[in-house]
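S.K.: next comes the sequence, and after it the predicted model I'd like to discuss.
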Amino acid sequence: MSNTSNAPQDDEIDLGQLLGLLLSNKWLIAAFMFGFSCLAYIYLLVTQPVYQANALIQVEQKQSGLAGFGDLTSMFEGESDGSTEIEVIKSRFVLGDVVENQFLQIDVAPRYFPVFGEFLAWRYVGEREDSVNTPHFGLDQYNTGGEYIKISGLFVPEELANKVMLLRATGAKKYELYTPGGEFLVAGSVGATARSEDGKVAILVSELRANSGAEFDLSIKLRIDAINRLRVGLKIGEKGKNTGVISLALDGTSKRKIKDTLNEVVKVYQKQNVKRLSEEAERSIQFLSIQVPTVRGELESAEQRLNDYRTASSSIDMQFETQAALSQIVSIEAQLSELELKESEISSRYKKDHPLYSALINQKGRLQIEQQRINDSVEKLPATQQEVLRLMRDVEVSSEVYLQLLNKLEELKVIRAGTVGNVRILDYAEVLTIP
């Protein structure tokens, strides 16, 4: 074993030696720095600038805004934190509608002259906003600046999906569509749907600003691919912690496209928020709309039985005890009916061990005990009075339940009409002027 205590300390850094090494290669280093700086500058010149559009929304805590409906509207309230709402915005439920409304499945791109054609086109500034640069040297098929196209519908057979087709402007707001192999598909004009003779291809060009002969690459993507692409490009975050203020941003080379797309995102999200808050009221309305005709039929049947019995029997006058029992029975039946309606509504929100559910069950049990006590006392009455009481009870209870359902139905309709959502758009999308 050798003694390492006397080993040379060669791990020290000699700054003077390093400085000398750099100075001896100063021209080589300067050349590399200059060369890569020139390449970076050229890249920035020929690369189309990317802009950002941003918007701001606020998710407020839902408050009951309808006087007199506190108990009812409280059932439809819910709280959502910012992180939950961000996931809702990113969902296919929201972005799917955005893709369809903005036709983001359709990809269309102008064809430029190779290498520097795109650089010259996006730097073109016309006298008017709708000005289009005129090509030279017979290069009519290339876009040279100011061109714009918007396609609002495209239907192609499965074999052409995800394939790049050719669209060529042929005159004043006219165009032709070709397959990737150059075969003619359909010809049309702006604003009208054009269909092929076999009906397999249909296209709607809503806007077209280009020189005659200018060509565009056109393809249609799968819906899920368009949604995922939008989701990846969308930047969403909550400002601060638990503020409920959510910022949205979208990058792109087309100012108009990113602004329209981001505005559509916030509008669709706000619309589905209102729809989501009114869904429970809508379900209750549908349930009551089915129950009302049934209860009305029961009421009419009960009234008919009472009239028939009165016609067949001369003992139609009710004694005081019978009248008092009837009032108590109707009151209890009405309360039980209301509790059953509430139970059907809250059963979808709470389990039976929830305090609110348990309190309702206990109240219902006490009313059923009282109901049984009254029924026992009714059995002591004469048979004729019992029958009159039973028939009158059916009529009164059916009438009371029918009125309850009608009132509840009207209240729910008012709630549905008054639902405004808890999403407020603070700032619609605007594009930053600096790329």
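M.R.: Structure's in. What do you need?

S.K.: strands of the stretch 101-250 of the chain, start to end?
M.R.: With DSSP state E, counting those that start in this stretch as the criterion, the stretch 101-250 of the chain has strands at 106-110, 148-155, 165-171, 174-178, 184-189, 193-195, 202-209, 215-220, 234-238, 245-252.

S.K.: residues near K257, how many?
M.R.: 17 (other CB atoms under 10 Å). For every residue, glycine as well, the C-beta is placed using N, CA and C.

S.K.: er, V201 I mean
M.R.: Counted with other CB under 10 Å, V201 comes out at 19.

S.K.: and the pLDDT at it?
M.R.: pLDDT recorded at V201 is 93.

S.K.: ok, it - contacts?
M.R.: Listed by CB atoms under 8 Å, 6 or more residues apart in numbering, the contact set of V201 reads F155, V156, P157, L160, L177, L185, V186, R195.

S.K.: so which of the strands of the stretch 101-250 of the chain gets nearest Y51?
M.R.: Closest of the strands of the stretch 101-250 of the chain to Y51 is strand 245-252, at 6.6 Å (criterion: CB to CB).

S.K.: now the closest one: buried residues?
M.R.: By 16 or more other CB atoms under 10 Å, the buried positions in strand 245-252 come out as V245, I246, L248, A249, L250, G252.

S.K.: what is the distance between it and the centre of its chain?
M.R.: 16 Å (CA atoms, centre = their mean, to the nearest Å).

S.K.: do the same with stretch 276-285
M.R.: That offset, for stretch 276-285, works out to 16 Å (CA atoms, centre = their mean).

S.K.: and for stretch 137-154?
M.R.: Relative to its chain's centre, stretch 137-154 lies at 33 Å (CA atoms, centre = their mean).

S.K.: output that stretch as CSV, restricted to C-alpha atoms.
M.R.: Extracted in CSV, the C-alpha atoms of stretch 137-154 (Å, rounded to 0.1, in the frame of the first residue of the first chain):
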residue,chain,number,x,y,z
PHE,A,137,-42.9,36.7,-62.6
GLY,A,138,-45.9,34.5,-63.3
LEU,A,139,-45.9,33.0,-59.8
ASP,A,140,-49.7,33.3,-59.5
GLN,A,141,-50.1,30.1,-57.5
TYR,A,142,-48.2,31.5,-54.6
ASN,A,143,-49.6,33.8,-51.9
THR,A,144,-47.6,37.0,-51.5
GLY,A,145,-49.4,38.8,-48.7
GLY,A,146,-52.8,39.9,-47.5
GLU,A,147,-54.6,36.7,-48.4
TYR,A,148,-57.4,35.4,-46.1
ILE,A,149,-59.7,32.4,-46.3
LYS,A,150,-62.3,31.1,-43.8
ILE,A,151,-64.0,27.7,-44.3
SER,A,152,-67.1,27.1,-42.3
GLY,A,153,-67.8,23.6,-43.4
LEU,A,154,-66.1,20.6,-45.1
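
S.K.: buried ones in that stretch?
M.R.: D140, Y142, N143, T144, G145, G146, E147, I149, K150, I151, L154.

S.K.: mind checking the end-to-end distance for stretch 122-130?
M.R.: 14 Å (CA to CA, to the nearest Å).

S.K.: give me the buried positions along that stretch.
M.R.: For stretch 122-130, by 16+ other CB under 10 Å, it's W122.

S.K.: closest to L336 among the contacts of V201?
M.R.: For those, the nearest to L336 is F155 (57.9 Å; CB to CB).

S.K.: Provide a list of residues in contact with the closest residue in space to that closest one that isn't next to it in sequence.
M.R.: Spatially, and ignoring its direct neighbours in sequence, F155 is nearest to A202 (4.3 Å; CB to CB, 6 or more residues apart in numbering). Residues near A202 by CB under 8 Å, 6+ apart: G153, L154, F155, V186, T193, A194, R195, S196.

S.K.: could you do S206 as well?
M.R.: So S206 contacts K150, I151, S152, V190, G191 (CB under 8 Å, 6+ apart).

S.K.: is K235 in a bridge, and if so with what?
M.R.: A249 (DSSP bridges).

S.K.: so for it, what's the pLDDT?
M.R.: Confidence score, pLDDT, at K235: 95.

S.K.: and what of S337?
M.R.: Per the predicted model, pLDDT is 74 at S337.

S.K.: what does K174 give?
M.R.: So, for K174, pLDDT stands at 93.

S.K.: my read: T170 touches A187, true?
M.R.: Yes. Between T170 and A187 there is a contact at 7.3 Å, judged by CB atoms under 8 Å.

S.K.: helices or strands up against the helix or strand harbouring V330?
M.R.: Here V330 sits within helix 320-346, counting by DSSP states H and E. If you count contacts as 3 or more CB pairs under 8 Å, 6 or more residues apart in numbering; DSSP states H and E, helix 320-346 packs onto helix 355-378, helix 383-418.

S.K.: and the residue nearest the centre of the chain, which of the three is it?
M.R.: Nearest to the geometric centre of the chain sits V94, at 3.2 Å (CA atoms, centre = their mean). Three-state call for V94 (DSSP: H, G, I helix; E, B strand; the rest coil): helix.

S.K.: in a strand, that's where Q17 is, yeah?
M.R.: No. According to three-state DSSP, Q17 belongs to no strand; its state is helix.

S.K.: for the nearest residue to K342 once chain neighbours are set aside, grab the count of nearby residues.
M.R.: Among residues not flanking K342 along the chain, L360 sits closest, at 6.3 Å (CB to CB, 6+ apart). Neighbours of L360 under the rule other CB under 10 Å: 19.

S.K.: surely L360 touches I346?
M.R.: Yes. Counting by CB under 8 Å, I346 is a contact partner of L360 at 7.1 Å.

S.K.: which SSE is immediately downstream of the helix or strand of the chain with the lowest mean pLDDT?
M.R.: Least confident helix or strand, the chain: helix 70-73 with a mean of 47, by mean pLDDT, DSSP states H and E. Next along the chain after helix 70-73, taking DSSP H and E as the criterion, comes helix 82-90.

S.K.: how about that next one: buried residues?
M.R.: Under 16+ other CB under 10 Å, the buried positions of helix 82-90 are G82, E85, I86, V88, I89, K90.

S.K.: who touches the third one in this structure?
M.R.: When you say that, I think you mean I86. Per CB under 8 Å, 6+ apart, neighbours of I86: I236, G237, E238, I246.

S.K.: same list, the strands of the stretch 101-250 of the chain, but as TSV with distance to I332 please.
M.R.: Shown next, in TSV, are the strands of the stretch 101-250 of the chain (distance: least, CB to CB, whole Å):
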stretch	distance to I332
strand 106-110	65
strand 148-155	62
strand 165-171	74
strand 174-178	74
strand 184-189	73
strand 193-195	65
strand 202-209	65
strand 215-220	65
strand 234-238	51
strand 245-252	51
